[in-house]
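sequence first, then the predicted structure:
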Amino acid sequence: MTTREVEHEITIAAPAPAVYRLLAEVTNWPRIFPPTIHVDRVDHDGSQERIRIWATANGEPKNWTSRRELDPEGLRITFRQEVTTSPVASMGGAWIIEPLGENESRVRLLHDYRAIDDDAHDLLWIDAAVDKNSRSELAALKKNIEFAHAAQELTFSFEDSVHIDGSAKDVYDFINDAHLWSERLPHVATVRLTEDTPGLQTLEMDTRAKDGSVHTTKSYRVTFPHQAIAYKQVTLPALMTLHTGHWTFQDTDHGVTATSQHTVTLNTDNIARILGPDATTADARDYVHTALSTNSLATLTHAKAFAENKR
């Protein structure tokens, strides 16, 4: 059996403990790592935890379950995929953070892996995916931590909720069946939805803005019937460098509360071009918040009518 062992590293202008904390808190990964769509912490016991990760590999959405062991004293996190996705037979490794000074650290990312049936072609595919994702993850980690203060000021979250006199299943179905949105939602011009792996969707949409312009976006979505749909937008409007979110459907004594949550990082480089030379970061924040809330509430309002009509 051929086991490949590879290592990637990067130097970061940040204290080693701060880098470790960011890596240890996996729910933040979709905000930090471009390939990561969504992460769930399945269970944990002391230093051991199981996490489920949805991410892209060579542009294809995949998901797997990993076990991690956290060593905050040694600044080391070891991981092993528990359930792999073809063509990977086994995959594991470690994050090792080494202090280089008070405000500098080296991050080493180790991988070891095998291909199913030791297939040489598949091993090359895994080589490429691991190399691409490792470089992307380390570069994103460096950028995220070094600009943590600025990113913190530019990143914000908000949510909109609607009470619906219907069932969570019917509301979930409306949001899940996005391939029908061009027929059901006035602001959606065209939709392309694929779901090659059950529960993992690729959604491309052309949406109409108030001024009549049409914007194309692409998202990956992870579905949890009939409770939630998490997503990450990968083709972004000019005013955003990050957009993640989730739809949740909570049964109540009087129906269901449907919520749309967004987390956004503003792209300050484009504020003047989009909103004018005098526009501020606060203006951009208000503009993005209003635009996303308007679309979310429109979608939830139509979902409400759909679910209440079925009831």
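Looks like it arrived, so ask away.

ok, now how distant is residue 88 from residue 18?
Residue 88 sits 31 Å away from residue 18, going by Cβ to Cβ, to the nearest Å. Where C-beta positions appear, they are placed from N, C-alpha and C, glycine not excepted.

neighbour count: the two, which is higher?
In this view residue 88 and residue 18 are compared by other Cβ atoms under 10 Å, and residue 88 has more residues nearby, 21 against 14.

partners of that one in the sheet?
Assessed by DSSP bridges, residue 88 has beta-bridge partners residue 115.

residue 127 is in contact with that one, correct?
No - at 11.4 Å, residue 88 does not count as touching residue 127 under the criterion of Cβ atoms under 8 Å.

neighbours of residue 6, how many?
When counting by other Cβ under 10 Å, one arrives at 15 neighbours for residue 6.

for it, give me phi and psi.
Main-chain dihedrals, residue 6, degrees, to the nearest 10: phi -130, psi 160.

just the one 10 residues further on next, same as before
In this entry, residue 16 is assigned phi and psi values of phi -60, psi -40 (degrees, to the nearest 10).

gap between it and residue 141?
For residue 16, the distance to residue 141 equals 13 Å [Cβ to Cβ].

what do you get for residue 165?
Going from residue 165 to residue 141 by Cβ to Cβ gives 46 Å.

give me the more crowded residue out of these two.
Just comparing residue 165 and residue 141: by other Cβ under 10 Å the higher neighbour count belongs to residue 141, 22 against 11.

what sits against the more buried one?
Contacts here follow Cβ atoms under 8 Å, 6 or more residues apart in numbering; on that basis residue 141 touches 10, 12, 19, 22, 23, 32, 33, 107.

just the buried ones from these, in PyMOL syntax?
Buried members of the contacts of residue 141, defined by 16 or more other Cβ atoms under 10 Å, are picked up in PyMOL with:
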select buried, resi 10+12+19+22+23+32+33+107
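
doesn't residue 3 make contact with residue 123?
No - using Cβ under 8 Å as the test, residue 123 is too far from residue 3 to be in contact (10.0 Å).

okay, and the common contacts of those two?
Common contact partners of residue 123 and residue 3 (Cβ under 8 Å, 6+ apart): residue 114.

so these two - more neighbours on which side?
Legend: neighbour count by other Cβ under 10 Å for residue 123 and residue 3, higher for residue 123 (19 against 12).

would you agree the more buried one falls within a helix?
Yes - Residue 123: assigned to a helix according to DSSP: H, G, I helix; E, B strand; the rest coil.

once you drop chain neighbours, what's closest to residue 238?
Leaving aside its chain neighbours, residue 238 sits nearest to residue 270 (4.4 Å; criterion: Cβ to Cβ, 6 or more residues apart in numbering).

coming back round to it: now, the contacts of residue 141 that are in strands?
Those of the contacts of residue 141 mapping onto strands are 10, 12, 107, per DSSP state E.

what are the ranges of the strands in the stretch 1-150 of the chain?
Ranges of strands within the stretch 1-150 of the chain are 4-12, 36-45, 48-57, 60-71, 76-83, 88-101, 104-115, based on DSSP state E, counting those that start in this stretch.

no further questions, thank you.
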